[in-house]
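**Q** sharing a model that was predicted from the sequence below.
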Amino acid sequence: MKKIVILISGRGSNMEALLRADLPARISGVISNRPGAAGLATAAAAGIPTHTVDHQRYPSRDAFDAALAQTIDACGADLVVLAGFMRILGRQFVETYRGRLLNIHPSLLPAFPGLDTHQRAIAAGCRLAGATVHFVTPDLDSGPIVIQAAVPVLPDDDAGRLAARVLEQEHRIYPQAVRWFCEDRLALEADGRVRLAGAAWSAAACIAPPLENRPA
Ligand code: GRF
């Protein structure tokens, strides 16, 4: 059974979705870079070993990355899952975990990498927004895409309402991607392509219910 380490910085609702998903894997640790992140208490209550690697206590990004890697390796990790982890990881760290490092980003990448994705999607007049699970590469929010989900942007949306609609989809697609990895159906090929075996390719795209089917 594969071992998974989840990295968080805050609330941890994606982490909770992974815990609820009853994955064929063992969550061997949850690590936060912020002491007191709410998700740490949730994980501890679920009996999962928790750790804090506080980035403020390290003199450089490399020193932080090295301490983080040491903690991950001590937990044992076939897969490292970034779930609302709000630190940029250095090239060496990312290379070390190549092919076993996943992230979820709240936009339809490659649109809107970085922060404030929902506000930017509304300001750009997008009719669709969404979320993307991707393998992590050294460039921010730009690694090979595993699965995406799209939701409508509604006329009266603000960033909060849109974020909530997107988050619902995040909680569907992240457990799906991690499950594929645990079942050895998902891999990052040497040429940078995503291989997804035994699943219809269309399964890698989820469309939220069409507008006319949404509850009033
Ligand atoms: C999610 O929207 C995630 O995509 C983004 O930050 C948010 C974290 O939420 N990177 P949570 O901590 O998983 O609740």
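**A** Arrived safely, thanks for sending. Numbers count the residues shown, from 1 in each chain.
**Q** let's see the pLDDT reported for the residue nearest the centre of the chain.
**A** Centroid check for the chain by CA atoms, centre = their mean gives Ile104 as the closest residue, at 2.8 Å. Ile104 carries a pLDDT score of 98 in this model.
**Q** pretty sure Ala83 contacts Met15?
**A** Yes: between Ala83 and Met15 there is a contact under CB atoms under 8 Å: 4.6 Å. Placement of C-beta: from N, CA and C, glycine included.
**Q** quick one, which of the two is more surrounded?
**A** Met15 (28 against 25; other CB atoms under 10 Å).
**Q** need the residues that contact stretch 105-120.
**A** With contacts defined as CB atoms under 8 Å, 6 or more residues apart in numbering, stretch 105-120 is touched by 121, 126, 128-132, 134, 140-142, 145, 148, 150, 159-160, 162-163, 166-167, 170.
**Q** got the buried residues for the longest helix along the chain?
**A** Counting by DSSP state H, the longest helix found in the chain is helix 159-182. Within helix 159-182, the residues that qualify as buried are 162-163, 165-167, 169-171, 173-182, counting by 16 or more other CB atoms under 10 Å.
**Q** run through those and flag the ones next to the ligand.
**A** 167, 170 (CB under 6 Å from any ligand atom).
**Q** tally of neighbours for the closest residue to Val81 other than its chain neighbours?
**A** With CB to CB, 6 or more residues apart in numbering as the criterion, Val81 has its nearest non-adjacent residue at 4.8 Å, and that residue is Ile6. The number of residues packed around Ile6, counting by other CB under 10 Å, is 30.
**Q** same check, this time on Arg193
**A** Using other CB under 10 Å, Arg193 is surrounded by 10 other residues.
**Q** next, the contact list for the closest residue to it other than its chain neighbours, please.
**A** Nearest residue to Arg193, sequence neighbours excluded (CB to CB, 6+ apart): Pro144, at 6.6 Å. By CB under 8 Å, 6+ apart, the contact set of Pro144 is 134-135, 137, 188, 192-194.
**Q** any weak-confidence spans in the chain?
**A** Scanning the chain for pLDDT under 70 picks out 199-204, 206-216.
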